[in-house]
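K.L.:
Here's a sequence, model it:
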Amino acid sequence: MSLIPSILGGRRTNVFDPFSLDIWDPFDGFFSSTLANVPYSGREASAFANARVDWKETPEAHIFQADLPGLKKEEMKVEIDEGRILQISGERSKEKEEKNDKWHRVERSSGKFLRRFRLPENAKMDQVKASMENGVLTVTVPKAEEKKPEVKPIEISG
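P.N.:
Residues are numbered from 1 along each chain as shown. So this is what the prediction gives:
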């Protein structure tokens, strides 16, 4: 949750995001950093499982940006379900290990990731667009125009 700042890594923010389905995990990133020197075969790389996503709102749209370096668009999915949930998912395959390879360090991660966001009522669900450029996935969700309440002047008699 964005109201609780991440102590063990990530961005620090005091902005409350009522639409986020993220749950604050005080151990997020702790185990992957402490296992950095453990050979790959002895652990699963979990850092990629928590792909970082930025969500900004402009007057015209909600814009989601995810850093997914090395991924092809065929390796990810962007979906919206009827409950106004935007879901970004995918998988980065493990690099093939050759029998004669000797690994000195494994820091790049692999595995599946899944991020879900509840979209606000003003999102135009039928006009969502996604694009991938330089390892950054951008999902644009246009906003419906807010109807301003009509002010009707009342004539005062008397």
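K.L.:
Would you mind checking which helix or strand in the chain has the lowest mean pLDDT?
P.N.:
In the chain, the helix or strand scored least confidently by mean pLDDT, DSSP states H and E is helix 30-34, which has a mean of 49.
K.L.:
residue boundaries of the strands in the protein?
P.N.:
For the chain, strands defined by DSSP state E occupy the ranges 53-57, 61-67, 76-80, 85-92, 111-118, 129-133, 136-142.
K.L.:
Take these and lay them out in a markdown table including distance to residue 157.
P.N.:
For glycine as for every other residue, the C-beta is placed from the backbone atoms N, C-alpha and C. Below are those laid out as a markdown table (distance: least, CB to CB, whole Å):
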| stretch | distance to residue 157 |
| --- | --- |
| strand 53-57 | 45 |
| strand 61-67 | 47 |
| strand 76-80 | 53 |
| strand 85-92 | 53 |
| strand 111-118 | 50 |
| strand 129-133 | 54 |
| strand 136-142 | 46 |
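K.L.:
Does residue 66 touch residue 137 like I think?
P.N.:
Yes. With contact defined as CB atoms under 8 Å, residue 66 reaches residue 137; the gap is 4.5 Å.
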